[in-house]
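J.: sequence and predicted structure are below.
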Amino acid sequence: MALTKAQIIDEISTRNGFTLKKSTKTVEAILEIIKQTLESGEDVLISGFGKFCVKDKSERKGRNPATGEDLMLAPRRVVTFRCSGKLRERVNG
């Protein structure tokens, strides 16, 4: 089961004694900062956790799986995540 935003808000509220409203505003603000930074093309580095990177993908050939028709996929940007060594160690025990 995945950890949801609501569960993160509840956990912040419980651990820090914040109200749910204050915890919600905090989480929403952090996520909005991350989204705006990635949208502008910059990377987001959170020490001890990992790095969100924006990468450009060039135009490439693709295929429609339903019809088998060849087509060109438009260039786009994708977000990737690379975890820190500390996080990797914790996950792997």
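T.: Ah, there it is.

J.: going forward, measure contacts between C-alpha atoms and count neighbours the same way
T.: Will do.

J.: quickly list the domain ranges of the protein.
T.: 1-40, 41-93 (automatic domain parsing).

J.: and the helices in the chain?
T.: For the chain, helices defined by DSSP state H occupy the ranges 5-16, 20-39, 85-92.

J.: could I get these as JSON lines with distance to Lys55 and mean neighbour count?
T.: Formatted as JSON lines, those follow (distance: least, Cα to Cα, whole Å; neighbours: other Cα atoms under 10 Å):
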{"stretch": "helix 5-16", "distance to Lys55": "25", "mean neighbour count": "14"}
{"stretch": "helix 20-39", "distance to Lys55": "10", "mean neighbour count": "14"}
{"stretch": "helix 85-92", "distance to Lys55": "21", "mean neighbour count": "10"}
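
J.: would you list these in CSV and tack on mean pLDDT and distance to Asp56?
T.: Conversion of those to CSV gives the following (pLDDT from 0 to 100; distance: least, Cα to Cα, whole Å):
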stretch, mean pLDDT, distance to Asp56
helix 5-16, 95, 28
helix 20-39, 96, 12
helix 85-92, 95, 25
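
J.: using JSON lines, please lay out the ones you listed together with distance to Ala66.
T.: Shown next, in JSON lines, are those (distance: least, Cα to Cα, whole Å):
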{"stretch": "helix 5-16", "distance to Ala66": "35"}
{"stretch": "helix 20-39", "distance to Ala66": "32"}
{"stretch": "helix 85-92", "distance to Ala66": "39"}
